[in-house]
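Q: sequence and predicted structure below; questions after.
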Amino acid sequence: MIRIRPADERGHFDHGWLDTRHTFSFGDYHDEREMGFRALRVINEDRVRPGQGFGTHGHRDMEIVTYVLDGALAHKDSMGNGSVIAPGDVQYMSAGTGVRHSEYNASPTEPVHFYQIWILPNVGGAEPRYAQKRFDDASRAGRLRLVASGSGADGSIGIRQDVNLYASTLARGETLGLELPEGRHLWVQALRGSLSVNGKELSAGDGLAASGEREFSFAAGDQGAELLAFDLA
């Protein structure tokens, strides 16, 4: 079974400094039909104005992955980490027993556009941890590059859940395939451009959930495509 989550049906709030869209219920947006998919709990698409951001706040028992499309995001946390996340970087924070952090647009003049993903961990009360790794354009072009996984395979960031997260960029008309083991599930998040997945058309911001299918074919549209794909237990 394949289901599309249209971009224009997401929760949307424009706070001036922040324009945010929620694929699943989050904050003031609540829809009992959209509480997540498998271990995926949050997929937020955020645009933050120059010099603005999220002040220090806390999280517990959540695997948090941040993927920047444009601009740069400055991060500081109670573990002592301070970094700037740019396009091509994947940032991971396991909140575990508790962590506090802030996130700000690193530029005084340019907006930052990013996705933040929350994944339910497979263990509670673990020690918080942090990782950040760069996956350059060439490593994601024309292929599904494993960027985070429960196993840490292929140089991916190891996370506390049985999820394989792939990032990919496809040129116009480019295709690729993916085969999942029996009993696995797929979520595809279209980030830029357009693509089809098993003939289902996706534009930027659309999501696709698939269960009970094992073989998938991805084909980029006229503008090419950038996407995240989640292989989930």
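A: Happy to help now that I have it. Because the structure is predicted, anything quoted here is derived from the model rather than measured.
Q: list the buried ones in stretch 56-64?
A: His59, Asp61, Met62, Glu63, Ile64 (16 or more other CB atoms under 10 Å). Where you see a C-beta, it was placed from the backbone N, CA and C, and this is true even at glycine.
Q: in helices only, show me these.
A: Using DSSP state H, no member of the buried residues of stretch 56-64 falls in helices.
Q: max pairwise distance over those: which two?
A: Greatest spatial distance in the buried residues of stretch 56-64: Asp61 and Ile64, 10.8 Å, computed using CB to CB.
Q: pull up the overlap in contacts between the two.
A: Common neighbours of Asp61 and Ile64, counting by CB atoms under 8 Å, 6 or more residues apart in numbering, are Ala95.
Q: so which residue is dead centre in this structure?
A: The geometric centre of the chain, computed from its C-alpha atoms, lies nearest to Ile117 (CA atoms, centre = their mean), at 4.4 Å.
Q: per the record, what domains does this structure have?
A: Following automatic domain parsing, the chain resolves into domains at 11-134, 138-232.
Q: longest strand of this structure?
A: As assigned by DSSP state E, the longest strand anywhere in the chain is strand 215-232.
Q: make sure Glu45 is actually in contact with Arg21.
A: Yes - the criterion here is CB atoms under 8 Å, and Glu45 meets it with Arg21 at 4.5 Å.
Q: anything in contact with each of those two?
A: Common neighbours of Glu45 and Arg21, using CB under 8 Å, 6+ apart, are Arg10, Gly205.
Q: ok now do the residue nearest to the residue nearest to the centre of the chain when sequence neighbours are not counted, which residues does it touch?
A: Closest residue in space to Ile117, ignoring its immediate chain neighbours: Val65 at 4.5 Å, by CB to CB, 6 or more residues apart in numbering. Contacts for Val65 (CB under 8 Å, 6+ apart) come out as Val90, Gln91, Tyr92, Gln116, Ile117, Ile119, Ala148, Ile159, Leu165.
Q: mind running it again at 6 Å?
A: Tyr92, Ile117, Ala148 (CB atoms under 6 Å, 6 or more residues apart in numbering).
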